[in-house]
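Chemist: I would like the atomic coordinates for the input below:
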Amino acid sequence: MATIARTTAKVFYYARNFARDVVPQELFRRQLANRLKKARLPDSSVRHRLNYYNKLHDAFVPSANAVRIGKLPFDPTMYYYDLKEFARYFDPALLVDVEFGDIVEVPKVPSIVKDRPIRAQDSNAVIMKLDKFRHFHMPADATAFADKRPSVVWRGDLNNPIRTRFLDAVRDLPFCDAGSHKPNAPVAYSKPYLSIGQHQRYRYIVSLEGIDVATNLKWIMNSNSLCLMPPPTYETWFAENQLEANVHYVPLEADFSNLSERVAYFERHPAQAERIISAANAYCRTFANEQAEQAISLLVLYKYFVLSGQIEPDPEVWRYITG
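Modeler: Reported below is the predicted structural model:
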């Protein structure tokens, strides 16, 4: 259930992006050189992250299905706006392959995506920060770990067998408040809706992947609750594959057989739980520097257009990207 503040933020999101679309786009394109200059931040993590999201090294040719920057698909709208925020600085005739929505396979050609499966050969999936209003909503948490309920909580859609398996595994555990709040959930799995703030009252919050990534992972890691989850198999701009088990989160077995033992352990060792929470919070702060976020986004696209042979690289910018 959306709060007034969240609804207001969504209205502002759409208003701001609509305004960007109606302004003469030439005004943005004139700023490209200056934006690229400012994007060369001295922070080495900028170069590391842009090359992590865009792992391409070799030249390629856009596919026959590629679309012009000036004609990006408008649906889903938030994907369009999040990509157009940075694409509008480039020539509208430039071609790009895009796959909006939940991506469960690596594209056959280099494509802009929101997420990709975690595997060795994934360079064709070029990640941009798409659908960020939903996925990067990380509200603050004012309640200390020690002051929370010593229980486990999970809510979500039963759109993945993993989630049903989890509910079956914990149904008889008295310290678990887990279920689905969706109207179509079977009665045996049905539980009332909980807001993020209500989740944050629990010491332990479980994160489970759905069709692709777990949407709740980011706000859990930004809270003062301990994140418990199986190791991720998909990643987004949040770079889930770089999360370390027992450093940023508590790993769960595929059958969830270790959940009781893990909760009991951290109830006896709260300082260790707080250490993991602190590391998770620090990881989330990686994405709080808006200057860096914008620089990386622009450079990810720039690298894509250079390697696709559509832009002659500026020597300074390309030296910055390649190191």
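Chemist: could you give me the average pLDDT of stretch 79-93?
Modeler: Averaged over stretch 79-93, pLDDT sits at 98.
Chemist: Any buried residues in it, and which?
Modeler: 79-90 (16 or more other CB atoms under 10 Å). C-beta: built from backbone N, CA, C; applies to glycine.
Chemist: what's the answer for stretch 92-101, then?
Modeler: 94-100.
Chemist: Equivalent analysis for stretch 116-133, please.
Modeler: Quick answer for stretch 116-133 (16+ other CB under 10 Å): 116-117, 122, 124-132.
Chemist: What of stretch 233-251?
Modeler: Residues of stretch 233-251 classed as buried: 234-241, 243, 248-250 (neighbour count, 16+ other CB under 10 Å).
Chemist: before we move on, back to that, just checking, which of the buried residues of stretch 116-133 belong to strands?
Modeler: In this view, these that belong to strands under DSSP state E are 116-117, 125-127.
Chemist: So of these, which two are at opposite extremes in space?
Modeler: P117 and V126 (13.9 Å; CB to CB).
Chemist: Give the rounded mean pLDDT of stretch 165-173.
Modeler: So the average pLDDT for stretch 165-173 ends up being 97.
Chemist: what ranges do the strands span in the stretch 51-200 of the chain?
Modeler: According to DSSP state E, counting those that start in this stretch, the stretch 51-200 of the chain carries its strands in the segments 67-68, 95-96, 98-99, 111-113, 116-117, 125-127, 149-155, 176-179.
Chemist: Redo those strands as JSON lines? Include distance to F28.
Modeler: Formatted as JSON lines, the strands of the stretch 51-200 of the chain follow (distance: least, CB to CB, whole Å):
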{"stretch": "strand 67-68", "distance to F28": "16"}
{"stretch": "strand 95-96", "distance to F28": "16"}
{"stretch": "strand 98-99", "distance to F28": "19"}
{"stretch": "strand 111-113", "distance to F28": "18"}
{"stretch": "strand 116-117", "distance to F28": "28"}
{"stretch": "strand 125-127", "distance to F28": "21"}
{"stretch": "strand 149-155", "distance to F28": "40"}
{"stretch": "strand 176-179", "distance to F28": "47"}
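Chemist: quick one: which of the ones you listed is nearest M221?
Modeler: Per CB to CB, nearest to M221 of these: strand 149-155, 15.0 Å.
Chemist: strands paired with that closest one, and their directions?
Modeler: Here strand 149-155 has these sheet partners by DSSP bridges: strand 176-179 (parallel), strand 202-206 (parallel).
Chemist: K38 is nearest to which of those?
Modeler: strand 202-206 (37.8 Å).
Chemist: Contacts only, for V104.
Modeler: V104 sits next to 117, 211-212, 234 when contact means CB atoms under 8 Å, 6 or more residues apart in numbering.
Chemist: Distance of it relative to T233?
Modeler: Per CB to CB, to the nearest Å, V104 is found 10 Å from T233.
Chemist: Mutual contacts of the two, please.
Modeler: P117.
Chemist: Quick check: the two most widely separated of the contacts of V104?
Modeler: P117 and I211 (11.6 Å).
Chemist: re earlier: got the strands paired with strand 149-155 as CSV, with distance to R16 and mean neighbour count columns?
Modeler: Shown next, in CSV, are those (distance: least, CB to CB, whole Å; neighbours: other CB atoms under 10 Å):
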stretch, distance to R16, mean neighbour count
strand 176-179, 37, 21
strand 202-206, 31, 26
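Chemist: Would you map out the domains in the protein?
Modeler: The chain breaks down by automatic domain parsing into domains covering 4-135+289-322, 145-285.
Chemist: first vs last residue of the last one, how far apart are they?
Modeler: I take that to be domain 145-285. Start and end residues of domain 145-285 are separated by 19 Å (CA to CA, to the nearest Å).
Chemist: Give me the pLDDT for A2.
Modeler: Value for A2, per-residue pLDDT: 69.
Chemist: Let me know the pLDDT of the residue nearest to T233 when sequence neighbours are not counted.
Modeler: Excluding the flanking residues, the one nearest T233 by CB to CB, 6 or more residues apart in numbering is I118, at 5.5 Å. With respect to pLDDT, I118 has a value of 97.
Chemist: on that earlier part again, save the strands paired with strand 149-155 as a markdown table, and put in distance to R149 and mean pLDDT too.
Modeler: Below are the strands paired with strand 149-155 laid out as a markdown table (distance: least, CB to CB, whole Å; pLDDT from 0 to 100):
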| stretch | distance to R149 | mean pLDDT |
| --- | --- | --- |
| strand 176-179 | 9 | 98 |
| strand 202-206 | 5 | 98 |
